[in-house]
Every structure is written in C-alpha cells, then in structure tokens.
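# predicted coordinates and the sequence they were generated for:
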Amino acid sequence: MIAVGNLSVFFGGECLFEKISFNINDRDRIGLVGKNGAGKTTLLKIIAGEMQAETGTLVKPFDYTFGYLHQEMTSTFQGSVFAEALNAFHDILHYKKQIEQITEEISTRTDYHSETFLKRIHQLHEANDSFSMAGGHTMEAETEKILLGLGFVPDDFAKPLGLFSGGWQMRVELAKILLSKPNCILLDEPTNHLDIESIQWLEGFLSDYPGAVIVVSHDRAFLDNVTRRTIEISLGKIYDYKHSYSGYVELREELRQQQISAYENQQQQIDQIERFIERFRYKATKARQVQSKLKLLEKMDKVEVEDFDKSAIRFAFPAAPHSGKIVLNANRLTKNFGEKCVFRDLDFTILAGDAVAFVGKNGEGKTTLTRIITGMLDYEGVLTIGVQVKIGYYAQNQAEMLDAEKTVFETIDEVAVGDIRPKIRNILGNFLFGGDTINKKVKVLSGGEKSRLALARLLLSPVNLLILDEPTNHLDMQSKDILKNALLQYGGTLIIVSHDRDFLQGLTQRIFEFKNKTIKQYTGDIYDFLQMRKLESLKQLEKNSSAKNEVKQDIKSENKINHEKKKLQDKENRKILSQIKKVEAVVEELEKEISLRDQMLIQPDKYAGEIAQENFFIEYDRLKKQLAEEMNRWEELHLQLERYNG
C-alpha cells in the first residue's frame with residue numbers, strides 16, 4: 001500500500017493542490033480526473049518519484065515499483081520494435097548474457113575436475129534457474145502478445161522503431177511497462193494514441209492486472225471499463241469516490257444537492273433564530289431565551305457547500321453556408337506512398353448534412369483520406385468536391401502545428417479577418433483565455449490549452465464541411481461535452497476521426513471502417529457499429545465450428561448465438577484438458593531426466609566420465625529449458641481453462 005499524506009504543490013506562488021491525502025491499495029483501479037491544469041500529471045509525477053512536493057509525505061514499501069507512461073515523451077530509440085520492447089526484461093537479459101558467457105567459456109575448457117570448472121558449472125546452474133524462474137523462456141512470446149494487442153503486426157517487429165510515428169513509439173513504451181509488471185501502473189492519457197481495438201484490448205489487460213492501476217484519462221468509456229475508484233482534483237482539493245467515472249458523476253451531483261438542501265435548511269433556521277434574537281434582545285423577560293439562542297448559534301456546525309470549478313468553454317459553430325446535395329463523391333480512389341498501398345478503389349458518397357465517423361486501426365488510412373479531401377495530398381482515381389462546399393479542418397496534430405513563439409492573441413489575430421477581428425478577445429474568453437493569458441506564448445501552454453486554442457481558430461470563418469481528426473485528445477471531460485453539444489447543433493456536414501466511443505455515441509449516423517486497404521460502411525453510431533462487428537465475429541466463429549454445415553449469414557436469435565457459443569466452449573474445454581494431460585506426461589519424463597543429471601553433478605567424482613562428455617551440459621541445459629517451457633505451457637492452459645469457464 002502507498003500512503004499519500006498532506007501533499008502540497010505551488011507553481012508561481014499559486015496553489016495547485018494543498019494538503020491532499022489518500023491511500024493506494026494493492027489492487028486499486030483509480031481514475032484520476034479533473035480539468036486541464038488541475039494538477040493530475042503533477043500528482044502522477046510525484047507518485048512516480050519524478051517530482052517532489054513542497055510539503056507532505058509519500059510512503060511506500062522499499063521494493064515497490066512503478067511503471068509510468070508519460071503523456072508526452074522524447075524519442076531516443078535506436079533498435080527495432082521488438083528489441084526495444086524486450087528491454088523491459090532487464091534482469092532476464094542479464095541472466096541470458098551471463099548464461100551465454102559461461103557456456104562459451106566452459107565449452108573451450110578441458111579441466112573438468114578442477115575446482116574453478118565446477119564453480120563455473122554451479123554458476124551456470126544458478127543462472128539457468130534464475131533465467132527460468134524470471135520467465136526467460138516465455139519473454140519473447142509475452143512480448144509478441146503485448147505488441148500484437150497494441151496494434152502492431154509481425155512485419156513491424158524487425159523494423160527500426162525510429163521510423164514509426166510518435167504515437168506508435170508511445171505504444172512500445174506502453175508495451176515495456178506492461179511487460180515489466182510493476183506493482184503500480186501509472187498511465188497519463190494512454191488512449192490518445194490508440195485505436196478502438198487496441199483500447200478494448202488494453203481495457204481487458206488492465207482489468208486482469210494483479211497490481212494497482214492509476215489512469216489519467218478523458219475517455220469516459222475507458223474509465224468506466226477499467227476503474228472502480230475515482231479521485232477528482234478540483235480547486236486544490238481532492239474528492240475520493242469508490243465508483244467508476246459515471247458512478248462518481250452521479251454521486252457527486254447527488255451529494256452536492258444534499259449539501260445545498262442542508263445549507264438552505266440551516267440558513268432558514270439561522271434566520272429564524274436571528275429574528276428572535278433581534279426582536280427580544282432588549283426585553284428583560286426574554287433575556288434567558290436570547291442568551292440560549294446566541295449559544296445555539298455559536299455551537300452550530302455550519303453547513304458549507306463545497307466549491308467547484310465553474311469555468312467552462314462556451315462556443316457554437318457559425319451557421320453553415322448552403323451547399324449542394326452531394327458534398328463528396330469518390331470513385332476508385334487510391335493512395336500509395338511509394339510501394340506501400342494505403343487504400344485502393346474506394347467508392348463512397350457523402351451527402352449534405354451527413355455525420356460520418358472514420359474508425360479503424362491506426363495506419364489504415366483515416367487521416368490520409370482527410371488530408372486528400374482537404375487537398376493536402378495527391379491521389380489516384382476520382383474525388384469530386386460538391387458545389388459551394390467550404391471545408392474547415394482540425395488536424396490530428398493541429399495543436400503541435402501552432403507557432404510556438406507566437407502568443408495566444410497573435411495566433412488568432414493572424415487568421416482573423418473582417419467583422420470577426422473586433423470579437424477576438426470575446427472568442428478567446430469563451431475558450432478560457434482571459435486577462436494576461438492571451439499574452440502567453442503557445443510553447444508554455446498545456447496540451448489541453450493548445451487544443452482549445454486550435455478549436456477557437458475553427459470559429460473564424462463559416463464552413464459547411466467540418467473535418468475533425470482526433471479533436472478530443474487533451475480536452476477535459478467538460479470541454480469534450482461542450483464540443484459534442486456544439487457539433488450536435490452544427491448544421492453542416494461532419495466527418496470525425498476518433499477513437500473516443502463516448503464522444504462518438506449519438507453524434508454520427510454513418511460509420512466508415514478502414515480495414516485491409518478498403519472501407520466498409522455501416523449505418524448507425526459507434527455502439528451500433530461495435531455491436532454489428534461483434535455479431536460478425538460470432539458468425540465467423542460459428543462458421544469455423546462446423547465444416548459440414550454452413551451457418552446462415554444472419555443470426556436468427558440470441559438463443560442461437562448462446563447455443564453456438566456453448567458448443568464452442570465445450571469443445572475448447574475438451575481440447576485444453578487433453579493438452580494439459582499431454583503436457584503433464586512430458587513434464588514427468590523431463591523431471592526424471594533432470595533429476596538423474598542432478599545426482600551426477602552432486603557426485604562429480606563418481607560420474608566424472610558422464611559429466612566429461614561433450615554434450616552432457618548441452619543436453620542438461622536443453623532439458624531444463626524444455627521443462628520451463630512445458631511448465632509455462634501448463635500454466636497457460638490452466639489460465640485458458642479458467643477464462644473459458646468464467
């Protein structure tokens with residue numbers, strides 16, 4: 001357990017938070033929430049030991065370990081994707097190097113009976129044991145599993161990590177944290193660089209993780225699926241709720257209403273007492289009652305309504321100018337980067353008023369298509385932009401594209417024209433840039449502030465086709481809700497690239513899924529799409545479960561699905577149990593072989609001839625490796641059996 005006691009942090013004389021205290025238990029799943037700038041990242045850095053608070057204590061066990069994923073990082077990678085991920089296994093790689101060195105040394109020696117030779121044999125034995133116990137025989141399989149779960153494909157493993165974008169490099173850093181299995185995982189906006197499939201995989205991994213997990217995230221669905229406790233930082237204080245995010249929001253509002261009700265009732269009571277005192281203060285016959293009322297007021301515990309941060313961005317998109325019925329029409333649209341094909345032969349039409357979500361794994365072409373539509377990339381095929389279509393574009397790295405040396409005011413002023421110029425200060429104020437903050441340089445702004453500034457630029461001219469590529473990255477919950485509400489009121493055509501399921505829910509009516517160099521269209525919002533994808537997966541499972549009988553394309557009923565799933569589960573159980581029996585038989589034979597060689601090593605004088613044989617240690621090492629692999633296989637099969645039986 002970690003105990004945080006009376007922590008206080010001040011920046012530039014202003015209090016970020018003061019005398020906050022809470023405990024982190026071994027299996028906690030904590031969502032750390034609050035507005036941009038509330039101090040969430042600072043608190044994570046203090047917990048991880050990267051910063052010191054002005055006052056307070058943080059008490060943890062001596063050997064307690066943290067894995068901390070920063071919101072931003074500086075790339076220093078030189079090796080391949082797989083090699084960099086393997087660096088998570090520091091101790092195992094040390095044992096592996098030690099084994100290789102000792103094995104190479106004894107293979108060239110002939111003094112089999114010398115004390116130094118036997119000592120090196122003993123050291124090799126210990127290194128092999130340490131290597132096996134630390135999971136050396138499974139580290140590559142674990143690494144492959146984690147990388148695949150985070151969206152890499154096997155062809156990526158040998159490629160230099162430096163060739164990948166910052167988002168993909170961040171995934172490798174996340175993989176290293178998950179592979180190192182720290183006592184506590186600290187994640188600062190982990191979903192910003194993940195697609196929906198990778199987010200869902202990460203949710204499952206973290207739910208089963210044996211240690212503590214603390215997550216800073218503005219992804220409501222992710223928090224609800226992972227966390228069971230919420231700590232809010234607001235106005236320098238923390239509020240601790242034993243609920244996931246949605247439960248915390250409901251409970252916080254309920255408690256606040258109770259506080260307001262109790263406060264109002266007490267104020268009525270105080271008013272009555274004060275009126276009594278004022279009325280009878282100078283009447284001798286009421287002197288005793290007046291004194292009693294005064295004492296009652298002095299002893300009364302005053303009910304206070306907790307302050308909360310009421311600041312919020314305020315905006316609405318300008319009215320969309322009229323456009324033709326067909327906004328976009330693509331025919332055999334193809335894009336290649338050199339020899340790499342991103343997508344080919346896309347055919348689609350987007351009509352005026354459509355709200356479309358682009359979803360799919362990173363690297364499948366979502367951002368590429370938005371850049372083609374906006375004229376930033378060339379292409380093959382035909383793409384027709386409709387009559388009188390005016391495009392507004394928020395790029396995925398829009399915040400990073402701002403000029404770091406310009407001030408907030410200059411950033412807006414340089415693109416504002418006409419009647420909008422006198423309204424610049426009002427627009428900035430609506431995005432929480434007031435007073436002296438408009439003179440801040442962009443380079444000192446937080447990620448959330450840069451995102452708000454980039455959004456403010458979108459309001460400077462009316463458009464009827466709004467394309468937003470990951471607009472919610474770095475925005476806090478309240479800002480995301482306000483942006484979503486503004487988009488719901490927007491009268492033009494909308495294209496959104498996003499992995500935020502809660503943000504997309506109810507916002508779009510069509511889904512374009514990018515996969516295998518093409519797109520597949522679905523009608524409905526994001527949860528309709530996920531449900532349809534789930535049903536398609538079930539259909540595929542049913543098809544594979546029986547080679548003789550073809551399963552109909554449509555699932556007729558939920559009972560049918562459950563029946564097929566039960567058949568598959570029973571079949572898989574029988575298969576796993578059979579595999580377990582085979583593994584146990586192999587383990588028994590291996591243990592006998594190893595035990596025989598252990599007896600020889602214990603009595604080197606008696607078995608000098610056998611030990612001196614050239615392949616004795618090679619075979620001994622092979623048997624131990626095989627035993628470790630079989631034992632790991634046995635454990636994996638039992639875990640599979642537990643998962644299938646819930």
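Cool, the structure landed.

# which residues touch Asp621?
Asp621 is in contact with 103, 124, 128, counting by CB atoms under 8 Å, 6 or more residues apart in numbering. For glycine as for every other residue, the C-beta is placed from the backbone atoms N, C-alpha and C.

# just Ser130 next, same as before
Going by CB under 8 Å, 6+ apart, Ser130 touches 91, 95.

# can you check Ile121 too?
Contacts for Ile121 (CB under 8 Å, 6+ apart) come out as 106, 601, 617.

# among the contacts of Asp621, find me the one that's closest to Leu507.
Among the contacts of Asp621, Asn128 lies closest to Leu507 (CB to CB), at 56.8 Å.

# that closest one: helix or strand, and which one exactly?
Assigned by DSSP states H and E, Asn128 belongs to helix 115-133.

# C-terminal to that helix, what's the next element?
Taking DSSP H and E, what comes next after helix 115-133 is helix 139-149.

# rewinding a little: narrow the contacts of Asp621 to those that are buried.
103, 124, 128 (16 or more other CB atoms under 10 Å).

# output the residues you listed as JSON lines; include the columns pLDDT and distance to Ala221.
Listed next are the buried ones among the contacts of Asp621 as JSON lines, based on pLDDT from 0 to 100; distance: CB to CB, whole Å:
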{"residue": "Thr103", "pLDDT": "85", "distance to Ala221": "51"}
{"residue": "Leu124", "pLDDT": "84", "distance to Ala221": "51"}
{"residue": "Asn128", "pLDDT": "85", "distance to Ala221": "46"}
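
# include distance to Leu118 when you put those residues into TSV, please.
Formatted as TSV, the buried ones among the contacts of Asp621 follow (distance: CB to CB, whole Å):
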residue	distance to Leu118
Thr103	15
Leu124	11
Asn128	16
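
# which one (most neighbours) among the contacts of Ile121?
Counting neighbours by other CB atoms under 10 Å, Phe617 comes out on top of those with 19 neighbours.

# so what's that one up against?
Taking CB under 8 Å, 6+ apart as the contact definition, Phe617 lies against 103, 106, 121, 124.

# coming back round to it: buried stuff in the helix holding Asn128?
For helix 115-133, using 16+ other CB under 10 Å, the buried residues are 117, 120-121, 123-125, 127-128, 130-132.

# got it, and stretch 392-409?
392-396, 398-399, 402, 407-409.

# returning to that earlier point: confidence-wise, which of the contacts of Ile121 comes last?
Lowest pLDDT of these: Leu601, 72.

# roughly how far does it sit from Ile277?
Remark: distance between Leu601 and Ile277 (CB to CB, to the nearest Å) = 94 Å.

# now swap in Gly324 and tell me
75 Å.

# out of those two, which sits in the more crowded spot?
Per other CB under 10 Å, whichever of Gly324 and Ile277 has more neighbours is Ile277, with 18 against 13.

# check which helix or strand that one maps to.
Per DSSP H and E: Ile277 is located in helix 245-280.

# could you chop the protein up by domain?
Using automatic domain parsing, the domain parsing of the chain gives 1-65+182-267, 326-534, 583-646.

# any chance of TSV for those domains, columns distance to Asp155?
As requested, these are exported to TSV (distance: least, CB to CB, whole Å):
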stretch	distance to Asp155
domain 1-65+182-267	17
domain 326-534	11
domain 583-646	25
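
# for Asp156, find the nearest of the ones you listed.
For Asp156, the closest of the domains of the chain is domain 326-534, at 9.4 Å, according to CB to CB.

# contact partners for Asn464?
Going by CB under 8 Å, 6+ apart, Asn464 touches 320-323, 327, 352, 388-390, 492-493.

# which among these gets closest to Glu588?
Each of the contacts of Asn464 was scored against Glu588 by CB to CB, and Thr493 proved nearest at 67.8 Å.

# what about whichever helix or strand Gln200 is part of, average pLDDT?
Using DSSP H and E, Gln200 sits within helix 196-208. In this model, helix 196-208 has a mean pLDDT of 88.

# just curious, which of the buried ones among the contacts of Asp621 is nearest to Tyr245?
Asn128 (47.0 Å).

# now that closest one: closest residue in space that isn't a chain neighbour?
In this structure, Asn128 finds its nearest non-sequential neighbour in Lys624, 5.6 Å apart by CB to CB, 6 or more residues apart in numbering.

# what helix or strand does the one you found sit in?
Using DSSP H and E, the element containing Lys624 is helix 616-644.

# and Val342, that's in a strand?
Yes: counting by DSSP: H, G, I helix; E, B strand; the rest coil, Val342 falls inside a strand.

# quick one: residues contacting it.
Applying CB under 8 Å, 6+ apart, the residues near Val342 are 335-336, 364-365, 368, 517.

# these in strands, which ones?
Using DSSP state E, 335-336 are the members of those that sit in strands.

# ranking by neighbours, what's the top pick from the contacts of Val342?
Gly365 (23 neighbours).

# look up how far Pro160 lies from that residue.
The spacing between Gly365 and Pro160, counted by CB to CB, is 23 Å.

# about what we covered before: buried residues, the helix holding Lys624. List them.
For helix 616-644, burial by neighbour count (16+ other CB under 10 Å) applies to 616-617, 620, 623-624, 626-634, 637, 640.

# chain center to that helix, what's the gap?
For helix 616-644, the separation from the chain centroid amounts to 32 Å (computed by CA atoms, centre = their mean, to the nearest Å).
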